[in-house]
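S.K.: The sequence and its predicted three-dimensional model are supplied below.
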Protein chains: 2
Amino acid sequence: MKNHIVIDMGGTRLKIGFFRDTELIKCKVVSSCSQENFENTIRIFDAEIQSLIESQGERSIDGIGLSMPGIIDTKANKILSINDKYSDAVSFDLNAWAKEHWNCDLVTENDARAALVGEWQQGAGKGIDNLVMMTLGTGIGGAALIEGKLLYGKNFQAGCLGGHFCIDFQGEMCNCGSKGCVETQGSSWVLPNLAKAGNYPVEGVSFKKLFDDRRSGNQAAADILKGCMDAWSACAINLIHAYDPEMLIIGGGVMKSADLILPEIRTWVEKYAWTPWGKVAVKQAGLEDTAALYGMNYLLITN
Amino acid sequence: MKNHIVIDMGGTRLKIGFFRDTELIKCKVVSSCSQENFENTIRIFDAEIQSLIESQGERSIDGIGLSMPGIIDTKANKILSINDKYSDAVSFDLNAWAKEHWNCDLVTENDARAALVGEWQQGAGKGIDNLVMMTLGTGIGGAALIEGKLLYGKNFQAGCLGGHFCIDFQGEMCNCGSKGCVETQGSSWVLPNLAKAGNYPVEGVSFKKLFDDRRSGNQAAADILKGCMDAWSACAINLIHAYDPEMLIIGGGVMKSADLILPEIRTWVEKYAWTPWGKVAVKQAGLEDTAALYGMNYLLITN
């Protein structure tokens, strides 16, 4: 019997879970001041890990799985690139932390890859070895599984840059320094610009607000969302053309409006994906909040 | 010592070569009526193979390598999808042909993948195990090599659809049935449309003519080519973001104007590719006309 701690340092919410073999025994959202850097966040998790271990009547754990929204060298457990908030993570020695602090194995992974593994093992993609994932949220994440193997590439970037496929080659600059990325047409950070251009109140604009307004018949909201959904659909096409999957799984906070989003993307994929062999299934993520936790536990088990 | 016949049924030219181990002993362009279907083309090659074998003083060969511009099940040596001209290839039994007619092994591959393997072994990408290729011609082909392995995907499409990345999500319909593909902005088949829109003579428009006119200071030609090169650059970004290579190799007939094309794409890649680890090298194909032949021979040797 193996006891594992899994941590998901997602874009907006921090989660921690305790697995006994394949069973998620306990799962908790951890609150943190939004300004905490990586080292302080790890200290917060240290206390949470200790309390979880004790609550389960254990004295130690067999492994820790950590997923993060960045580019991660999973062989060396090194964070290569991450957002500004956690920029100190790049020089943090994770292996030493796991070994010296918790005397256990460590597995690290990009959070979209972790979520995809969770969906593959326990969620929407169960039993399907060729999957792509697209997570819609503050940014747009992605991951690809080909013949039962995560795609990494030379620098651990392959599959993860779905939100930075160029879909508008004469378009706007992106946060990432590239041009016409999917995120420039449909992500939380670009909503103020889209609102301004679409005669919609900029103040407090969010996907939630836009979808609520659309449901109440607001045409400006509908138009802005149509543009976003077209961009996500084009992203879906590029993921399909790039990685040749059987199924596209869509997750992320925005999918609370899956009833409006899924039919749009599904129609676009059925119409525009070049797949002479048949049709790519388009599904909503099945686990959502816990996908990355399940994924990290699987990666610990198979490590 | 192994004797191999390699055949490249490219979009416009048919080539055949004779290899002794890794040495290309003889290489020939085969003429064929442009209306020949696949079966007739194979019969033409039968005569060429026989004549090549005899010219080398041999009585048999150890293997045939065949590359084609289509989606190919390389495990079963079955052509899954190909252009109309060769549509009869889908039901042609290639294994039986090689076995019964030539009593030898057969290896098949998509032509862009074959060219990439050639460039990896003997050309611009020698010694580099993470490569992407983009071939600019009638259409736009692509292929990806990750950690020394060709990328295939579930249905043998992964890596090959570079020309059908969506780079213009509100754009025009493509030949392939998709929308806003790279090919809708920069391939031979779309040139008449681009010429019309760009006040350039539609009659006889070709990349060669456009580049010649640009060199003579024709502004309409320069503007049309600028659009094409921007589209190819966006395609390059998508290949890089999708597959995380160390080097992008660009081939195809249009690269006769590499002096004008390479600097444009290289500048765009240096400016817009999201590669925190460093810079992706952008190189012209080194073998060009024989890349697919070298590639097929390597695949035969390692089969």
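M.R.: Everything's here; your move.

S.K.: CA only for contacts and neighbour counts going forward, please
M.R.: Will do.

S.K.: What segments of the stretch 101-250 of chain A are helices?
M.R.: A:102, A:111-122, A:191-197, A:207-215, A:219-243 (DSSP state H, counting those that start in this stretch).

S.K.: Which among those is found nearest to A:L299?
M.R.: Nearest to A:L299, of all those, is helix A:111-122, at 8.1 Å by C-alpha to C-alpha.

S.K.: is the closest one anywhere near chain B?
M.R.: No. Helix A:111-122 stays out of contact with chain B when judged by C-alpha under 8 Å from any C-alpha of the partner chain, the minimum separation being 14.2 Å.

S.K.: Can you report phi and psi for the residue in the stretch 201-303 of chain A that chain B sits nearest to?
M.R.: Using C-alpha to the nearest C-alpha, A:Y272 is the residue of the stretch 201-303 of chain A that sits closest to chain B, at 4.2 Å. A:Y272 adopts backbone torsions of phi -120, psi -10, taken as degrees, to the nearest 10.

S.K.: Go ahead and confirm it touches B:S178.
M.R.: Yes. A:Y272 lies in contact with B:S178 (C-alpha atoms under 8 Å); the separation is 4.2 Å.

S.K.: got the residues of the stretch 1-150 of chain A near chain B?
M.R.: So the stretch 1-150 of chain A meets chain B at A:S81, A:N130, A:I146, A:E147 (C-alpha under 8 Å from any C-alpha).

S.K.: A:E288 and A:T135, how far apart?
M.R.: To A:T135, A:E288 is 10 Å away according to C-alpha to C-alpha, to the nearest Å.

S.K.: who touches both of the two?
M.R.: A:G251, A:G252 (C-alpha atoms under 8 Å, 6 or more residues apart in numbering or on different chains).

S.K.: With neighbour numbers in mind, choose between those two.
M.R.: A:T135 (26 against 19; other C-alpha atoms under 10 Å in any protein chain shown).

S.K.: For the more buried one, name its beta-bridge partners.
M.R.: A:G141, A:G251 (DSSP bridges).

S.K.: Roughly how far does it sit from A:A112?
M.R.: A:T135 is 7 Å from A:A112, by C-alpha to C-alpha.

S.K.: Buried residues, the helix or strand that contains A:R266. List them.
M.R.: Under the criterion of DSSP states H and E, A:R266 resides in helix A:258-272. Using 16 or more other C-alpha atoms under 10 Å in any protein chain shown as the test for burial, helix A:258-272 gives A:A258, A:I261, A:L262, A:E264, A:I265, A:R266, A:W268, A:V269, A:E270, A:Y272.

S.K.: Not counting sequence-adjacent ones, nearest residue to A:L150?
M.R.: A:A144 (6.0 Å; C-alpha to C-alpha, 6 or more residues apart in numbering or on different chains).

S.K.: Enumerate every residue touching A:N110.
M.R.: Residues in contact with A:N110 (C-alpha under 8 Å, 6+ apart) are A:S67, A:M68, A:P69, A:G70, A:I71, A:I72.

S.K.: Same list, those residues, but as JSON lines with neighbour count and secondary structure please.
M.R.: As requested, these are arranged in JSON lines below (neighbours: other C-alpha atoms under 10 Å in any protein chain shown; DSSP: H, G, I helix; E, B strand; the rest coil):
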{"residue": "A:S67", "neighbour count": "25", "secondary structure": "strand"}
{"residue": "A:M68", "neighbour count": "23", "secondary structure": "strand"}
{"residue": "A:P69", "neighbour count": "22", "secondary structure": "coil"}
{"residue": "A:G70", "neighbour count": "23", "secondary structure": "strand"}
{"residue": "A:I71", "neighbour count": "22", "secondary structure": "strand"}
{"residue": "A:I72", "neighbour count": "24", "secondary structure": "strand"}
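
S.K.: And the helix holding A:R266, how far out from the chain middle?
M.R.: 20 Å (C-alpha atoms, centre = their mean, to the nearest Å).

S.K.: Could you identify the helix or strand that succeeds that helix?
M.R.: Helices and strands here follow DSSP H and E; after helix A:258-272, the next one along the chain is strand A:281-284.

S.K.: Can you list the strands that that following strand pairs with?
M.R.: Assessed with DSSP bridges, strand A:281-284 is paired to strand A:247-251 (parallel).

S.K.: Pull the distance from the partner strand to the chain's centre.
M.R.: 11 Å.

S.K.: C-alpha coordinates for it, CSV please?
M.R.: Output of strand A:247-251 as CSV, limited to C-alpha atoms (Å, rounded to 0.1, in the frame of the first residue of the first chain):
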residue,chain,number,x,y,z
MET,A,247,-10.6,12.6,-28.6
LEU,A,248,-10.3,16.2,-27.6
ILE,A,249,-11.0,16.9,-23.9
ILE,A,250,-11.9,20.4,-22.8
GLY,A,251,-11.5,21.6,-19.2
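
S.K.: Single out the most deeply packed of the helices of the stretch 101-250 of chain A.
M.R.: helix A:111-122 (a mean of 28; mean count of other C-alpha atoms under 10 Å in any protein chain shown).

S.K.: what residues go with each domain of chain A?
M.R.: A:3-110, A:124-286 (automatic domain parsing).

S.K.: export those domains to TSV and tack on distance to B:G118 and mean pLDDT?
M.R.: What follows is those, written out as TSV (distance: least, C-alpha to C-alpha, whole Å; pLDDT from 0 to 100):
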stretch	distance to B:G118	mean pLDDT
domain A:3-110	30	92
domain A:124-286	20	96
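
S.K.: For A:N303, which of those is the nearest?
M.R.: So among those, domain A:3-110 is nearest, using C-alpha to C-alpha, at 7.6 Å.

S.K.: any idea which residue sits dead centre in chain A?
M.R.: A:A112 (3.4 Å; C-alpha atoms, centre = their mean).

S.K.: isn't that residue right up against A:G142?
M.R.: Yes. Shown here, A:A112 and A:G142 form a contact pair, counting by C-alpha under 8 Å, at 5.6 Å.

S.K.: Report the closest residue of the stretch 1-150 of chain A relative to chain B.
M.R.: Nearest residue of the stretch 1-150 of chain A to chain B (C-alpha to the nearest C-alpha) works out as A:I146 at 5.9 Å.

S.K.: What residues does that residue make contact with?
M.R.: By C-alpha under 8 Å, 6+ apart, the neighbours of A:I146 are A:D129, A:N130, A:L131, A:Y243, A:P245, B:G153, B:K154.

S.K.: Of those - the most surrounded one?
M.R.: Ranked by the number of neighbours (other C-alpha under 10 Å), the contacts of A:I146 place A:L131 first, at 32 neighbours.

S.K.: Check whether that residue really touches A:G125, as I assumed.
M.R.: Yes. Counting by C-alpha under 8 Å, A:L131 touches A:G125, with 7.1 Å between them.

S.K.: Are there residues contacting both of the two? Which ones?
M.R.: Residues within reach of A:L131 and of A:G125 at once, by C-alpha under 8 Å, 6+ apart, are A:M247, A:I249.

S.K.: State whether A:V107 and A:N77 are indeed in contact, as I suppose.
M.R.: Yes. Using C-alpha under 8 Å, A:V107 is in contact with A:N77, at 6.9 Å.

S.K.: more neighbours, those two?
M.R.: A:V107 (23 against 16).

S.K.: Name the residues that touch the host helix or strand of A:Y298?
M.R.: Following DSSP H and E, one finds A:Y298 within helix A:291-301. Applying C-alpha under 8 Å, 6+ apart, the external contacts of helix A:291-301 come out as A:4-8, A:16-17, A:19, A:21-22, A:24, A:63-67, A:106-109, A:111-119, A:121-123.

S.K.: Can you name the residues of the stretch 201-303 of chain A that neighbour chain B?
M.R.: Residues of the stretch 201-303 of chain A found near chain B, taking C-alpha under 8 Å from any C-alpha as the criterion, are A:230-231, A:234-235, A:237-238, A:241-246, A:271-274, A:276-277.

S.K.: The nearest residue to A:I16 once chain neighbours are set aside in helix, strand or coil?
M.R.: Take A:I16 and drop its neighbours on the chain: the residue closest to it by C-alpha to C-alpha, 6+ apart is A:I7, 4.5 Å away. Secondary structure state of A:I7, per DSSP: H, G, I helix; E, B strand; the rest coil, is strand.
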